[in-house]
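*Asks:* next input, structure requested:
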Amino acid sequence: MFRIFGPPGTGKTTTLLNMVEKSLERGITPSQVGFFAFTKKAANEARERAAQRFDLDPDKDLPYFRTIHSLAYRLMGVKESQMMGPQNYKDLSQAIGFTLHSSISDDEDVSFKATDHPILQLINLSKTKKTDLRREYNHSDINFTWLEVKYVADSYENYKKAFGLIDFTDMLLQFVEQAEIVMPTLKICFLDEAQDLSPLQWDIAHKLDQKSERMFVAGDDDQAIYRWAGADVDHFINLPGGAEVLEQSYRVPAAIHSLAEKIASRIQNRFPKVYRPRQEKGQILRVPDIRSIDMTQGQWLVMAQARYMLYPIEQELKNGGYLFERQNGGRSIPQKMSLAINGWESLRKGRAVTTGTAQAIYSYMSGNGARIKRGHKTINADDNEMFELGDLQEHFGLLATDEMIWHEAMDKIPDGDRAYITALLRRGEKFNAKPRIRLSTIHGTKGGEAENVVILPDLTAAAMDAHGDDLHRVFYVGVTRTLQNLYILEPEDYLRAYAL
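*Replies:* Below is the predicted model:
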């Protein structure tokens, strides 16, 4: 394997796609090229960029541009009916008298559906790290006894065996065993974000290497912030073979680069690398609190080590009349409420609204004789019609008139939301637009960037006890999201804060 180290903003994915292009120019067919990533977001981005750049059909021409889990799923011929699903977890819960059917996620940041139940997470962690479950339990802060964990683990394995089911970690384990048979022979193979691979995923990476004429693994050990989830960055650092460091960042300005280098110098186990910042200097500003920052213009990314640390920031932004977006994509004002308010103002101006908008408006109106007649005709979602104010008044029981502004007409909007929306309008925020401000944990924003970055140096008690290199890497990732201005907030407690 040949390693490519891509410091922040050095265009690692673009570099890999350039290498794909050169391979195609040499006569290698697209189906002989493998491009793998751990997250769906990274894999889909590479796939779409390659298809557009080389004028290819992503489905037919690029069968091996995908996540590691997707590769295993495809080559193993696994059917959805063979995989543990929500109903299976519910059935198992009933059978063992232990509630396991918590939410199942399937978002762009993971390559597979994963339960958020802590015991099941611990079971999967021990498998992907190839370690003993009791050892992982002893090093965890899980709020269950060992007897409970062991009971669930044994019951879980027995249930899967009884019904012939597997989960996604089982699928990877089976894939490693059968790789020699099912894995294709590739001319050239690329593996992105290698610093985040677990020991089990590294087993697959080495199988890919054996089945490829040439393999490149790309990543940045300084941005390895998922050790807690099983990532084995030391494996990436210690791989034998050649290596190249991408030397020019197209994101990080000089002042932020200088701070990032100081943080990186604290990391004891790292691959030494040198890269150049952008010519722009940028600036670092230390401020007492979020109220001291003028956020009326530009794109903003506000980050903290833990999500709860962002809650006071949310309230301050609401008090200031700023629209923002949370890490999970949730807006500070619900999309339905935005739709209803804009829809009502459109009706007042004589414009028609869609069925969905009309339904949203009605959901915030009370049937107290002032807004909607009781027992009014229901707006059918299947009609897909357009409605003007007169239509709603004549046929659908609407009593509110065009003289009533949005908060008078929609009296079920909570007082807190009403005050916040008023502040938004006073500031001139277009609250139906994409928010300029995003709040996220540092882990949740890896790969992102913004003109203006605000970072909280506060630490949780668990972070204070964490592996030192891991903590340095987290804040290295945080500061290197910056395109222009970095704002460092004063911590709540200097004794429990990272030294920036």
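*Asks:* okay, CA-based contacts and neighbour counts for the rest of this
*Replies:* Fine.
*Asks:* from memory residue 195 sits against residue 231, does it?
*Replies:* Yes. Look at residue 195 against residue 231 with CA atoms under 8 Å: they come within range, at 7.1 Å.
*Asks:* where do the contact lists of those two overlap?
*Replies:* Each of residue 224 lies in contact with both residue 195 and residue 231 under the rule CA atoms under 8 Å, 6 or more residues apart in numbering.
*Asks:* neighbours of residue 145, how many?
*Replies:* 10 (other CA atoms under 10 Å).
*Asks:* and it, how close does it get to residue 176?
*Replies:* According to CA to CA, to the nearest Å, residue 145 stands 32 Å off from residue 176.
*Asks:* before we move on, what about residue 481?
*Replies:* Using CA to CA, residue 481 is found at 36 Å from residue 176.
*Asks:* comparing those two, which residue is more hemmed in?
*Replies:* Shown here are residue 481 and residue 176; by other CA under 10 Å, residue 481 has more neighbours (27 against 21).
*Asks:* mean confidence (pLDDT) on stretch 61-69, please.
*Replies:* For stretch 61-69, mean pLDDT rounds to 91.
*Asks:* now swap in stretch 226-235 and tell me
*Replies:* Mean predicted lDDT for stretch 226-235 stands at 92.
*Asks:* quick one: contacts for residue 361?
*Replies:* Residues in contact with residue 361, defined by CA under 8 Å, 6+ apart, are 339-341, 343-344, 410.
*Asks:* return a ChimeraX selection command for the buried portion of these.
*Replies:* To isolate the buried subset of these in ChimeraX, counting by 16 or more other CA atoms under 10 Å, use the following:
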select :339,340,341,343,344,410
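*Asks:* so of the contacts of residue 361, which ones are in strands?
*Replies:* Per DSSP state E, strands hold no members of the contacts of residue 361.
*Asks:* show me which of the contacts of residue 361 is closest to residue 130.
*Replies:* For the contacts of residue 361, the closest approach to residue 130 (CA to CA) belongs to residue 339, at 49.0 Å.
*Asks:* so that closest one touches residue 357, yeah?
*Replies:* Yes. With contact defined as CA under 8 Å, residue 339 counts as touching residue 357 (6.1 Å).
*Asks:* overlap of the contact sets of these two?
*Replies:* Counting by CA under 8 Å, 6+ apart, no residue touches both residue 339 and residue 357.
*Asks:* residues making contact with the helix or strand hosting residue 147?
*Replies:* Per DSSP states H and E, residue 147 falls inside helix 146-163. By CA under 8 Å, 6+ apart, the residues outside helix 146-163 that reach it are 84, 92, 96, 98, 119-120, 123, 134, 137, 166.
*Asks:* mind checking the SS state of the residue located most distally from the centre of the chain?
*Replies:* Farthest-out residue of the chain from its mean C-alpha position, per CA atoms, centre = their mean: residue 394, at 46.6 Å. Under DSSP: H, G, I helix; E, B strand; the rest coil, residue 394 falls in the helix class.
*Asks:* confidence score at it?
*Replies:* 89.
*Asks:* before we move on, what about residue 337?
*Replies:* pLDDT at residue 337 comes out at 94.
*Asks:* just checking, it is part of a strand?
*Replies:* No. When three-state DSSP is applied, residue 337 is found to be helix, with no strand at that position.
*Asks:* show me what contacts the nearest residue in space to it that is not next to it in sequence?
*Replies:* Of all residues not flanking residue 337 in the chain, residue 360 sits nearest, at 7.2 Å (CA to CA, 6 or more residues apart in numbering). By CA under 8 Å, 6+ apart, residue 360 lies in contact with 336-337, 339-340.
*Asks:* what about residue 360, distance to residue 69?
*Replies:* Between residue 360 and residue 69 the distance is 39 Å, computed by CA to CA.
*Asks:* again, but for residue 183
*Replies:* 13 Å.
*Asks:* so which helix or strand takes in the residue nearest to residue 183 when sequence neighbours are not counted?
*Replies:* Spatial nearest neighbour of residue 183, chain neighbours left out: residue 75 (6.9 Å); criterion: CA to CA, 6+ apart. Counting by DSSP H and E, the element that carries residue 75 is helix 68-76.
*Asks:* do I have it right that residue 435 meets residue 326?
*Replies:* No. Using CA under 8 Å, residue 435 is not in contact with residue 326, being 9.7 Å away.
*Asks:* before we move on, back to that, tell me the helices and strands packed up against the next helix or strand after the helix holding residue 75.
*Replies:* Per DSSP H and E, the first helix or strand lying C-terminal to helix 68-76 is helix 86-96. With contacts taken as 3 or more CA pairs under 8 Å, 6 or more residues apart in numbering; DSSP states H and E, helix 86-96 sits against helix 146-163.
*Asks:* now the helix or strand following the helix it packs on - C-alpha only, PDB.
*Replies:* Remark: after helix 146-163, the chain's next helix or strand is helix 168-182, criterion DSSP H and E. Extracted C-alpha coordinates of helix 168-182, given in PDB (Å, rounded to 0.1, in the frame of the first residue of the first chain):
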ATOM      1  CA  PHE A 168     -23.600  -5.400   9.500                       C
ATOM      2  CA  THR A 169     -20.600  -6.200  11.600                       C
ATOM      3  CA  ASP A 170     -21.200 -10.000  11.100                       C
ATOM      4  CA  MET A 171     -21.400  -9.300   7.400                       C
ATOM      5  CA  LEU A 172     -17.900  -7.700   7.400                       C
ATOM      6  CA  LEU A 173     -16.500 -10.600   9.400                       C
ATOM      7  CA  GLN A 174     -17.900 -13.100   6.900                       C
ATOM      8  CA  PHE A 175     -16.600 -10.900   4.000                       C
ATOM      9  CA  VAL A 176     -13.100 -11.100   5.400                       C
ATOM     10  CA  GLU A 177     -13.400 -14.900   5.500                       C
ATOM     11  CA  GLN A 178     -14.700 -15.200   1.900                       C
ATOM     12  CA  ALA A 179     -12.700 -12.300   0.400                       C
ATOM     13  CA  GLU A 180     -10.500 -14.600  -1.700                       C
ATOM     14  CA  ILE A 181     -13.500 -16.000  -3.400                       C
ATOM     15  CA  VAL A 182     -15.900 -13.100  -3.800                       C
END
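*Asks:* separation between the closest residue to residue 118 other than its chain neighbours and residue 309?
*Replies:* Among residues not flanking residue 118 along the chain, residue 142 sits closest, at 6.8 Å (CA to CA, 6+ apart). Going from residue 142 to residue 309 by CA to CA gives 21 Å.
*Asks:* tell me which of the two has more neighbours.
*Replies:* It is residue 309, of residue 142 and residue 309, that has more neighbours when counted by other CA under 10 Å, with 17 against 14.
*Asks:* doesn't that one lie inside a helix?
*Replies:* Yes. Counting by three-state DSSP, residue 309 falls inside a helix.
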